[in-house]
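Enquirer: my questions are about this predicted structure, shown below with the sequence.
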Amino acid sequence: MRLQDKLKALGQNGKALLATNFYNFETLSGVLQAAKATHKPIILQLSESSIQYLGLRVAAGLARTALEEYGVEGWLHLDHGSSQEMAHRCLDAGFDSVMIDASEKPFEENVKITSAVVRLAEKYNANVEAELGYVAKLGQVQKVSQYTQPEEAKRFIDETGAHALAIAIGSAHGFYKETPQLQLELLSAIHAATPAALVLHGSSGIPEAQIREAVKRGITKVNLATETKNIFMKTLQQVLQDNDEIDLRKIFPQATQSVVKLIGEKLEVVSPN
Ligand code: 13P
Ligand code: ZN
Ligand code: NA
């Protein structure tokens with residue numbers, strides 16, 4: 001099933017997909033082991049920096065082959081694509097979905113760039129996610145003035161035809177200094193204003209109860225990155241303390257297992273049985 005159709009179907013049932021970033025074979029394997037064990041579908045995301053790290057064709061091939069090998073229903077998505085060129089390269093490499101993030105641009109320019117990517121993606125039957133409002137990037141503070149406005153969201157989706165929309169409702173990328181408070185009433189208003197699949201970015205560090213409530217109120221894609229990266233590296237650092245094992249195949253699986261556990265828990269929150 002195309003991702004855009006899956007998201008639409010989930011939206012009608014108050015359910016969501018977990019979209020998790022991966023960085024290497026081990027984090028990919030951990031995510032897929034969790035999805036397989038819980039029999040849940042998943043979105044695998046790559047940021048531009050991870051694509052640069054792995055190589056585009058290696059990354060796409062790895063994700064595609066692993067989905068098949070693990071027997072998991074899943075989609076490959078470009079996270080925070082910064083240009084039409086990058087979206088094009090990913091679509092050519094077989095991605096099911098691309099995000100075009102022109103959220104820092106003025107409204108009309110965001111509409112123009114997003115519309116161009118939507119037209120391009122039609123040729124590939126691919127899903128397009130855009131961002132309106134601004135979700136603070138790593139190390140930035142989320143500003144209330146950058147929250148997504150329902151009327152603008154409606155206009156934006158009407159004008160661009162984007163399938164999915166990343167919205168700013170109080171979340172931010174990375175960990176939080178203080179517990180975040182998602183603007184749930186604002187979310188409900190955006191959901192009532194537009195049929196687009198709504199995406200929650202920055203879910204690392206958001207309390208479980210808030211994520212569950214956000215899904216009930218219309219979020220259909222929940223993005224997770226920092227917690228995955230963090231648990232993998234923290235476990236690795238711990239395992240390697242006073243350990244001179246050089247067979248990496250004996251070391252990495254322990255860090256991979258920590259990812260399996262984390263993603264298993266997140267899947268339960270985002271798409272409970
Ligand atoms: P976190 O790193 O806060 O989980 O955010 C992930 C994200 O939004 C990826 O697009
Ligand atoms: Zn994001
Ligand atoms: Na976060």
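Expert: Here it is on my side, so go on. Here the structure is a predicted model, which means the values were calculated and not measured. Numbering: from 1, shown residues only. Ligands and ions are numbered 1, 2, ... in the order given.
Enquirer: when you work out contacts or count neighbours from here on, use the C-alpha atoms and nothing else.
Expert: OK.
Enquirer: for this structure, give me the ranges with low pLDDT.
Expert: Nowhere does the chain drop to pLDDT under 70.
Enquirer: who does the longest helix anywhere in it touch, helix- and strand-wise?
Expert: Counting residues, the longest helix found in the chain (DSSP state H) is helix 248-270. Contacts defined by 3 or more CA pairs under 8 Å, 6 or more residues apart in numbering; DSSP states H and E place helix 248-270 against strand 17-21, helix 25-38, helix 208-216, helix 226-240.
Enquirer: just name the most buried of the ones you listed.
Expert: Each of these was scored by mean neighbour count; the highest is strand 17-21, a mean of 26, by mean count of other CA atoms under 10 Å.
Enquirer: and the angle for the longest helix of the chain with strand 17-21?
Expert: Counting by axes from the mean of the first three to the mean of the last three CA atoms, to 10 degrees, helix 248-270 lies at 150 degrees to strand 17-21.
Enquirer: residues from this structure in reach of ligand 1?
Expert: Neighbours of ligand 1 within the chain, by CA under 6 Å from any ligand atom: 79, 173-174, 201-204, 223-226.
Enquirer: any chance of the helices and strands packed on helix 248-270 in CSV with distance to residue 48 as columns?
Expert: What follows is those, written out as CSV (distance: least, CA to CA, whole Å):
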stretch, distance to residue 48
strand 17-21, 11
helix 25-38, 16
helix 208-216, 26
helix 226-240, 15
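Enquirer: doesn't residue 128 lie inside a strand?
Expert: Yes. With DSSP: H, G, I helix; E, B strand; the rest coil as the criterion, residue 128 is located in a strand.
Enquirer: helices along the stretch 101-250 of the chain, start to end?
Expert: For the stretch 101-250 of the chain, the helices defined by DSSP state H, counting those that start in this stretch occupy 107-122, 150-160, 184-193, 208-216, 226-240, 248-270.
Enquirer: hang on, the earlier thing: can you redo the residues of the chain next to ligand 1 as TSV with distance to residue 131?
Expert: As requested, the residues of the chain next to ligand 1 are exported to TSV (distance: CA to CA, whole Å):
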residue	distance to residue 131
79	11
173	14
174	17
201	10
202	13
203	15
204	18
223	13
224	16
225	17
226	19
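Enquirer: if any of the residues you listed are buried, put those into a PyMOL selection.
Expert: Only the buried entries of those go into this PyMOL selection, using 16 or more other CA atoms under 10 Å:
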select buried, resi 79+173+174+201+202+203+204+223+224+225+226
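Enquirer: good, wrapping up.
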